[in-house]
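# Need the 3D shape of this:
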Amino acid sequence: MDKEKNMLERIIALGTMMTDIKDTDVLMESILTEARKLSNCDAGSIYKCKNNELLFSYTQNDTQQKALPPGKKLLYSTFRMPLNESSIAGYAAYHNTILNIPDVYEMDSSQPFTFNPAYDHKTGYRTVSMLTIPMPTASGKVIGVLQLINAFDAEGNIISFHDEDVSFIRYFANTAAIALERADMTRAIILRMIGMAEMRDPKETGAHVNRVGAYAAEIYEAWALKYGIPEAELQRNKDLLRISAMLHDVGKVGIADAILKKPGKLTDEEYDVMKTHPIIGARLFNDATSELDIMSREIALSHHERWDGRGYPGFIDLANGAPLPDKTLLNGKAMGKAMEESPLWARIVAIADVYDALSCRRSYKEPWTQENVYEELIRSSGSQFDPELIEVFLTIREEVQSIREKYPDTED
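Predicted structure coming up:
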């Protein structure tokens, strides 16, 4: 009875924690982490259900993670597969039913689903026990699937998942599904805002802002781990940054089409108008009521500042856009924010945004090679970009590549 009470109290506390997470990606990683803790298992994956497909989103594996150098993350390839009865995850989602399999290599051959051993063969890992749990929302719609692998006993031996624990994991999955549905709605609203910007500026696509948000979150996490930022603070800031970074250029909705869509080079006067978009974007968050609003305002306003102080819009009065009296240059323009005068979040997004712009095809240019992109970032370290953050960015190249594959420009 005490164990049941403790489990329920823990799940309720986790439910409260999950409702505070705003971003879908951060939430899915958190759901998988907490489900594995509840079930005391070695590995697991989480899938999203979308358009009659299962989207493989995140995986964790403690055994393989321990073999990596400190600070490195286990990477994976994002892929889709049909939501049908042929796979274990597909069957669980299709029928909204739990599958608790003691040994995936000893399954009843009469079942319509099979276990794909390709990952085990490739890595040398041995999957044994597997618990697959659908994640239905309050309306009964299955929004995702949790797949937990290799439960441990107190001595660290692989065992089957206990039947008495399954009901608790199912309750957790139901709670997580509600939080995930809410996070999906938040991202959908943001992408609609980006969609309005995209009608004005074709560069501001959903794929672009998703990449910038994901790059920014990874840069921050690597920086935070370097400085020993407490886990709770790290995850909270990563969640807020993942979303607010997506809104970095939202102020472009206030720039005239004649300038925003001009195919050729802007005149000096036109460029001055273009440089007002950070102010317009920041003003959208004037009535800040949350940490997310505050971070979004800081990023929108300052992501075009430079480490050497030659960026824009500089030290201005947000109400009227005029330079602050004690921060006005001789030419009447605002003094730029130099070094750490610009917020950490904005300095991170500056790198993420330029990296993505250089890496992608635009109507006026072909994508740069990755070698040339990184050479440019290194060249601009200490002038345009925070040199310490560039060093951090260079340590996460594999994570960056994984994000590029996850959010291609062809994504619908």
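# Where does pLDDT dip in the protein?
By pLDDT under 70, the low-scoring segments of the chain are 1-20, 71, 75-77, 195-205, 362-365, 410-412.
# per-domain residue ranges of it.
Using automatic domain parsing, the domain parsing of the chain gives 2-183, 201-406.
# Now distance to M193 and mean neighbour count too, for those domains, in a markdown table please.
The C-beta positions use only the backbone N, C-alpha and C, and glycine is treated the same way. Below are these laid out as a markdown table (distance: least, CB to CB, whole Å; neighbours: other CB atoms under 10 Å):
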| stretch | distance to M193 | mean neighbour count |
| --- | --- | --- |
| domain 2-183 | 14 | 17 |
| domain 201-406 | 6 | 18 |
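# R192 is nearest to which of those domains?
Evaluated with CB to CB, the domains of the chain place domain 201-406 nearest to R192, the distance being 9.6 Å.
# The closest one: how far from the chain's middle?
Its chain's C-alpha centre and that of domain 201-406 lie 16 Å apart, by CA atoms, centre = their mean, to the nearest Å.
# May I ask you to confirm that K48 is in contact with I143?
Yes: using CB atoms under 8 Å, K48 is in contact with I143, at 7.1 Å.
# Could you point out which of the domains of the chain sits nearest I190?
When the domains of the chain are compared by CB to CB, domain 201-406 sits nearest I190, at 5.6 Å.
# ranges for the strands of the stretch 151-300 of the chain?
Using DSSP state E, counting those that start in this stretch, the strands of the stretch 151-300 of the chain run over 158-159.
# returning to what we had before: need the domains of the chain in JSON lines (columns: distance to L191).
Output for those, formatted as JSON lines (distance: least, CB to CB, whole Å):
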{"stretch": "domain 2-183", "distance to L191": "11"}
{"stretch": "domain 201-406", "distance to L191": "5"}
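# Work out for me the element F56 sits within.
Using DSSP states H and E, F56 maps to strand 53-61.
# So what's the gap between the following helix or strand past that strand and the chain middle?
Using DSSP H and E, the next helix or strand after strand 53-61 towards the C-terminus is helix 62-66. Using CA atoms, centre = their mean, the distance from the centre of helix 62-66 to the centre of the chain it belongs to is 22 Å.
# Can I get helix 62-66 as PDB, trimmed to CA atoms?
Listed next in PDB are the C-alpha coordinates belonging to helix 62-66 (Å, rounded to 0.1, in the frame of the first residue of the first chain):
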ATOM      1  CA  ASP A  62      21.900   4.400 -20.400                       C
ATOM      2  CA  THR A  63      24.200   1.600 -21.400                       C
ATOM      3  CA  GLN A  64      25.100   3.300 -24.600                       C
ATOM      4  CA  GLN A  65      25.200   6.800 -23.100                       C
ATOM      5  CA  LYS A  66      27.800   5.700 -20.600                       C
END
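# Contacts for the next helix or strand after it next, please.
Downstream of helix 62-66, the first helix or strand assigned by DSSP H and E is strand 79-82. Outside strand 79-82, the residues that touch it by CB atoms under 8 Å, 6 or more residues apart in numbering are 52-56, 87, 90.
# contacting residues around A35?
44, 133, 146, 148, 169, 172-173, 176.
# Just give me the closest of the contacts of strand 79-82 to R283.
Nearest to R283 among those, with distances taken as CB to CB, is L55, at 36.2 Å.
# Now F113: phi and psi?
phi -100, psi 160 (degrees, to the nearest 10).
# Could you do G321 as well?
Torsion angles, degrees, to the nearest 10, at G321: phi 80, psi 0.
# Please tell me how far it sits from L301.
Going from G321 to L301 by CB to CB, to the nearest Å gives 11 Å.
# joint contacts of these two?
Going by CB under 8 Å, 6+ apart, residues that sit against G321 and also against L301 are 279, 313.
# quick one on the thing from earlier: now distance to N40 too, for the contacts of strand 79-82, in a markdown table please.
As requested, those are exported to a markdown table (distance: CB to CB, whole Å):
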| residue | distance to N40 |
| --- | --- |
| N52 | 33 |
| E53 | 31 |
| L54 | 25 |
| L55 | 27 |
| F56 | 23 |
| S87 | 25 |
| G90 | 26 |
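# Tell me the one of the residues you listed nearest P102?
Closest to P102, out of all of the contacts of strand 79-82 and judged by CB to CB, is S87, at 18.3 Å.
# Surely the closest one and N116 touch.
Yes: between S87 and N116 there is a contact under CB under 8 Å: 7.2 Å.
# Who are the contact partners of A256?
Counting by CB under 8 Å, 6+ apart, A256 makes contact with V273.
# Can you report phi and psi for it?
According to degrees, to the nearest 10, A256 has phi -60, psi 140.
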